[in-house]
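K.L.:
need a structure here:
(2 chains)
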Amino acid sequence: MTDVVFPVMSQDNPEATGVLATWYVVDGDAVAEGQLLADVQMDKVDAEVAAPAAGMIRLTVAEGSEVVQGTVVATLE
Amino acid sequence: MTITESAPTTRRLNTSKAMVEAIAQEMEANPEVVYLGEDVGAYGGIFSSTTGLLDQFGPDRVIDTPISETGFIGLAVGAATEGMRPIAELMFVDFMGVCLDQIYNHMAKISFESGGNVKVPMVLTTAVGGGYSDGAQHSQCLWGLFAHLPGMKVVVPSSPADAKGLMTAAIRDDSPVVYMFHKGVMGLPWMAKNPRTVDVVPEGDYVVPIGKARVAREGSDVTVVTISLSVHHALDVADKLAADGIDVEVLDLRSLVPMDREAILASVAKTGRLVVVDEDYQSFGMTGEVIASVAETDPGLFRTAPQRVAVPDVPIPYAHALEYAVLPRHDRIEAAIRRALG
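P.N.:
Prediction:
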């Protein structure tokens, strides 16, 4: 099982929070390694989250949620 | 060109990423394809129409221009006549006034004036539409104006898959194509969210032919003919009315030039009732043209008077409540459908 984490976008503040802006997958999708999973936002900066491995995805954070960077937002089984 | 990838069929993108994917694939395949405009390089387009292209193709092919639309659109016209396939971006369609001579006297007419000997295979991309309080000079659609002037194809995608397929077709077309992307369908995190702006997009080579409408929802009671963001609103209303036993067909025109009049006639022949929804101004525009397509071919198809929902002939207000009052939103679309049903 592989964790998908909210990327670290602030080096200054380890507790910085961001928003999971868009999920491009739905719970239970089979995804390929490198496939686009989500857009995240922090302080008006956008970033893409790609699948670190192939597998079936289980979302643990809903679209629109604000979370601390580094939080696990999904797992790949 | 065929690209085959063993990727999952569930791969989803938002509309802006789908549009960029088509541009990147065509740039990859053909060195004559370049993209130029204001803030299309490092910024990636203010509505994310070019995100990542500068990194992939460099500043010789993804060109940030000075604020001189006449200059860089004229440059694109000249490059196209010499065999390149440039894509020039007019940041907001509202700015067309400063460069319209290049667009409709040159881009649109050179092929005709040369007896077809000189082609102008360029794409003019531009952001359109309102709904986010950007005022009267940054919220217009104006596609009816471009469609009125002969010589340009006018393409207006509503979904991620169409954004990709129509962009591929536009770049490969030997005629000038105006590709108008509504800010509200791009799927941008900072705009109003609409679930239909993220959807499955075919991977690899993908073409949607220009001029073929799409039945976005099949229905039997009433036909809603529309385009762009209004397709999303019409589908929302259709879902709601289904609970009342009203079966709405939604036809997404996808392009105004060419307009798929056969698809309009086929749908109205089935339902007998027509509602046209357009975010452009009402008078002398798409709504009248769609109704005329039926009226001058087979007026007997109408079982009730056709209805139109468009922007009344006023500049688009900045104030949120007033702006929503003039835009063709859910409440006005629903009311028009109920009127059409009689």
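
K.L.:
any low-confidence regions in the chain?
P.N.:
Going with chain A. For chain A, no stretch is flagged by pLDDT under 70.

K.L.:
Actually, chain B is the one I wanted.
P.N.:
Applying pLDDT under 70 to chain B picks out residues B:1-9.

K.L.:
Point me to the residue of it nearest chain A.
P.N.:
Nearest to chain A, among the residues of chain B, is B:Pro189, at 3.5 Å (CB to the nearest CB). Placement of C-beta: from N, CA and C, glycine included.

K.L.:
Which helix or which strand is home to the nearest residue to that residue once chain neighbours are set aside?
P.N.:
Sequence neighbours aside, A:Ala21 is the residue nearest to B:Pro189 in space, at 3.5 Å (criterion: CB to CB, 6 or more residues apart in numbering or on different chains). A:Ala21 belongs to strand A:17-23 when assigned by DSSP states H and E.

K.L.:
The helix or strand that that strand is followed by pairs with which strands, parallel or anti?
P.N.:
Next in sequence after strand A:17-23, counting helices and strands by DSSP H and E, comes strand A:30-31. Strand A:30-31 sits in its sheet next to strand A:55-59 (antiparallel), going by DSSP bridges.

K.L.:
which residues are contacting stretch B:167-177?
P.N.:
Here stretch B:167-177 makes contact (CB atoms under 8 Å, 6 or more residues apart in numbering or on different chains) with B:19, B:22-23, B:25-26, B:30, B:33, B:80, B:85, B:87, B:107-108, B:111, B:119-124, B:151-155, B:157, B:179, B:205-210.

K.L.:
thinking again about what came up before, does the residue nearest to B:Pro189 really touch A:Glu63, like I thought?
P.N.:
Yes. Because the distance of 7.5 Å satisfies CB atoms under 8 Å, A:Ala21 is recorded as touching A:Glu63.

K.L.:
between the two, who's got more neighbours?
P.N.:
A:Ala21 (21 against 16; other CB atoms under 10 Å in any protein chain shown).

K.L.:
Residue numbers of chain A in contact with chain B?
P.N.:
Chain A comes close to chain B at residues A:19, A:21-26, A:29-32, A:35-36, A:39, A:41, A:46, as judged by CB under 8 Å from any CB of the partner chain.

K.L.:
Tell me how far the residue of chain A positioned farthest from its centre lies from chain B.
P.N.:
In chain A, counting by CA atoms, centre = their mean, A:Asp12 sits farthest out from the average C-alpha position, at 20.3 Å. As judged by CB to the nearest CB, to the nearest Å, A:Asp12 and chain B stand 23 Å apart.

K.L.:
what about that residue, which SS state?
P.N.:
Here A:Asp12 is recorded as coil under DSSP: H, G, I helix; E, B strand; the rest coil.

K.L.:
if I pick it, what's in contact with it?
P.N.:
For A:Asp12, no residue meets the contact criterion (CB under 8 Å, 6+ apart).

K.L.:
Let me see the ranges of the strands in the stretch 201-342 of chain B.
P.N.:
For the stretch 201-342 of chain B, the strands defined by DSSP state E, counting those that start in this stretch cover B:214-217, B:222-226, B:248-252, B:255-257, B:274-281, B:307-311.

K.L.:
so which residue of chain A comes closest to chain B?
P.N.:
Here the residue of chain A nearest chain B is A:Ala21; by CB to the nearest CB that distance is 3.5 Å.

K.L.:
From B:Lys193, how far off is that residue?
P.N.:
Separation of A:Ala21 from B:Lys193 (CB to CB, to the nearest Å): 9 Å.

K.L.:
my guess is the residue of chain B closest to chain A meets A:Asp46, correct?
P.N.:
Yes. If you go by CB under 8 Å, B:Pro189 and A:Asp46 touch, sitting 6.5 Å apart.

K.L.:
Report the set of residues contacting both of these two.
P.N.:
Applying CB under 8 Å, 6+ apart, one finds that B:Pro189 and A:Asp46 are jointly contacted by A:21, A:39.

K.L.:
buried sites along stretch B:261-275?
P.N.:
Neighbour-count burial for stretch B:261-275 flags B:261, B:263-264, B:267-268, B:271-275 (criterion: 16 or more other CB atoms under 10 Å in any protein chain shown).

K.L.:
Can you give the contact residues for that stretch?
P.N.:
With CB under 8 Å, 6+ apart as the test, stretch B:261-275 has contacts from B:212-213, B:215, B:219-225, B:249, B:251, B:253, B:290-291, B:293-294, B:297-298, B:301-304, B:306-309, B:333, B:336-337, B:340-341.
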